[in-house]
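Undergrad: Take this sequence and fold it.
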Amino acid sequence: MSAETDSETLEFQAEVQQLLSLMIHSVYSNREVFLRELVSNASDAIDKLRFEALQNEALFENDPELKIRVSYDPEARTVTVTDNGIGMDRDDVVENLGTIAHSGTRRFLEQLTGDQQQDAQLIGQFGVGFYSAFVVAERVEVFSRKAGVEPRYGVHWRSDGQAGYEIATVERPERGTSVVLHLPESQQEFCDGQRLRSIIRKYSDHISVPIEMPAERSGDEDEEQAPEWELVNRASALWMRPKSEISEEDYKELYKHVAHDFSEPLTWMHNHVEGRQAYVSLLYIPKHPPFDLYEQKPAHGIKLYVRRVFITEDTEHLMPRYLRFVRGVVDSDDLPLNISREMLQHNPMISSIRSASVKRVLDRLERMANNEPETYAEFWQAFGRVFKEGVAEDPGNRERIAKLLRFSSTHEEKETPDVSLDDYIARMKEGQEKIYYVTAESFNAARNSPHLEVFRRHGVEVLILPDPVDEWLVAHLSEYDGKPLASVAKGELDLDSLADEGEKEQRQEQEKAYEGLCGRLQEALGEQVSEVRVSHRLTDSPACLVVGEHDFGMGMQRLLQAAGHNLPMGKPSLEINPEHALIRRLDAESGERFSDLALTLYEQSLLAEGGQLQDPAAYVKRVNALLAGE
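TA: Numbers count the residues shown, from 1 in each chain. Sure thing, here's the model as predicted:
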């Protein structure tokens, strides 16, 4: 080895140290996957070189045969994975091997549970496969040189996976990266050619880059002779093969490679499209939500290839945001090889591929919902909140998306959403014309909403919508199958079709009898409410707040205000229950005590809606005084 210069010792980023400790001591029960992760990284480096070389062929440096080589030395107890891909310079090495650059690092670490299986899935999705080397190695060295950089600027990185690492500049004639694993005696099994070959064929046969290993020598061959290299994998893009030649295991292993996920996918769709446009798509729906599902710009998406040359990992042009959990590959024969990421947005072929891909995903979900309800429930549990965004985002497919939505409801009051809009319509009461729903900030808050009381009395089912995204959903889904969606907390309630004549007469009498109290409450509360009226929706609670039919719901108002939108918000109405003892008592009060009771009634109704009091201390003082009989 040539002399090293500019050597320095650096500490790992705290998150890396935490991650290494977790991985080495608890996560990997299946230690052989270290080789899959290192081969996958090598394949990605070669994909990046292919893409960069489209603009600058000189990056090939007279070495255009791209390949990965895996070698081993039983005496030295080393395993080496080498690629002639894009390589790294000193800054790249520090960034990629000493830190975790993802914006969601802290949230990712917070999600780690100590459960080995779950944590392994998260680590794979997070894309930190390099550190799996320390699962089997007591020391790791990395030699690398970036394509197009002079040989004297090679980099040597080494670490024992403890507090930090050493990095130095070194002469390196070869472009690309070599990862050298120094194994302890307990991991000697991985210094065996047959063992390594079986791992590569098991996990990496789908890799389209040739993976080579030294040919097995016969006993009388000269050990000093340079090794002959033989191909270990099939080295052809799996997605281009006929479906009949691809096993389920092949599909699952490719998913783990493209999605950086250790677990198996929920399902997949493999299509060869011919004719005016020729392309292949292999799309996967994961079983588990990736850690960055709610990031503005997720790290992973659909890998776009043009004639087997990797172009980009696209997270916005090939799939809409509400399907951002979909992973996979699109390989086009018709797109120009030099297509840039910027050009994707305006390319009609990309738009066509996107539309067809969305259709395939929705087709698969519809079949799953109809024929595999348990699997669909698993999908909904993982991705239902994100999928709901499609109602607003994809108006062309709104009806299809709405049919696939699942909710909790008062029919059984299970927190697990399993009620479709079709299920709801099939159970509608005779004379019922609307699909009713209630929104709140949690399942229990929605289930216990005072707005549900009259619906329970009449046996009318109400959909329970406890997710923040539900406010956006109902704002864009005004009807389904000709039935309007109606909030139980908006506008004056019209359940006359479900009430008998006796109930209608009683309401009219109560409205007249409490007209004076409503006026006094209106005066006491002033600008805080638009009006006070007798309620037709309460049976147990004394009062509730109701927004106008066309106003934002109170939950939506809070979301908009939290996001900094100072839009004019409609004032709620206060509805009172004339059959409640507190309201009858209130009618007999006067003066300052009446004002205190009126304000307390309003503030309790606001709290029941999930709202916040402007002066909580004053509220507590008022309640204490009332409890003390003052």
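Undergrad: show me where pLDDT drops low in the chain?
TA: 1-2, 19, 22-29, 99-128, 218-224, 340-342, 494-502, 550-570, 630 (pLDDT under 70).
Undergrad: Domain ranges for it, per the record?
TA: Per automatic domain parsing, the domain ranges recorded for the chain read 5-217+226-235, 240-375, 383-496, 506-547+568-627.
Undergrad: Please state the offset of the third one from the chain centre?
TA: Spelled out, that is domain 383-496. 23 Å (CA atoms, centre = their mean, to the nearest Å).
Undergrad: ditto for the shortest one
TA: Using CA atoms, centre = their mean, the mean C-alpha position of domain 506-547+568-627 is found 42 Å from that of the whole chain.
Undergrad: just use 20 as the starting number from now, easier for me
TA: Happy to do that; since the first residue is 20 now, the last one works out to domain 525-566+587-646.
Undergrad: need the domains of the chain in a markdown table with mean neighbour count, can you?
TA: C-betas here are computed from N, CA, C, even on glycine. Listed next are the domains of the chain as a markdown table, based on neighbours: other CB atoms under 10 Å:
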| stretch | mean neighbour count |
| --- | --- |
| domain 24-236+245-254 | 18 |
| domain 259-394 | 17 |
| domain 402-515 | 18 |
| domain 525-566+587-646 | 16 |
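Undergrad: Where do the strands of the stretch 320-469 of the chain begin and end?
TA: 321-325, 328-333, 346-351, 427-428, 454-458 (DSSP state E, counting those that start in this stretch).
Undergrad: partners of the fourth one in the sheet?
TA: Neighbouring strands of strand 427-428 in its sheet, by DSSP bridges, are strand 482-484 (antiparallel).
Undergrad: and the gap between residue 428 and residue 465?
TA: Here the distance between residue 428 and residue 465 works out to 10 Å (CB to CB, to the nearest Å).
Undergrad: which neighbours do these two share?
TA: Common contacts of residue 428 and residue 465 (CB atoms under 8 Å, 6 or more residues apart in numbering): residue 483.
Undergrad: Where do the strands of the stretch 70-219 of the chain begin and end?
TA: 87-92, 97-102, 158-164, 173-178, 183-189, 195-201.
Undergrad: what sits against residue 627?
TA: 468, 469, 560, 563, 564.
Undergrad: Enumerate every residue touching the second one.
TA: With CB under 8 Å, 6+ apart as the criterion, the residues that contact residue 469 are 556, 557, 559, 560, 562, 563, 624, 627.
Undergrad: okay, those residues in CSV with secondary structure next?
TA: Putting these into CSV (DSSP: H, G, I helix; E, B strand; the rest coil) gives the following:
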residue, secondary structure
556, coil
557, coil
559, coil
560, coil
562, strand
563, strand
624, helix
627, helix
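Undergrad: Between those residues, which sits nearest residue 206?
TA: Closest approach to residue 206 among the contacts of residue 469 (CB to CB): residue 627, at 61.0 Å.
Undergrad: Would you mind measuring the gap between the ends of stretch 357-370?
TA: End-to-end distance for stretch 357-370, by CA to CA, to the nearest Å: 18 Å.
Undergrad: that older thread, tell me which of the strands of the stretch 320-469 of the chain lies nearest to residue 305.
TA: Of these, nearest to residue 305 by CB to CB is strand 346-351, at 6.4 Å.
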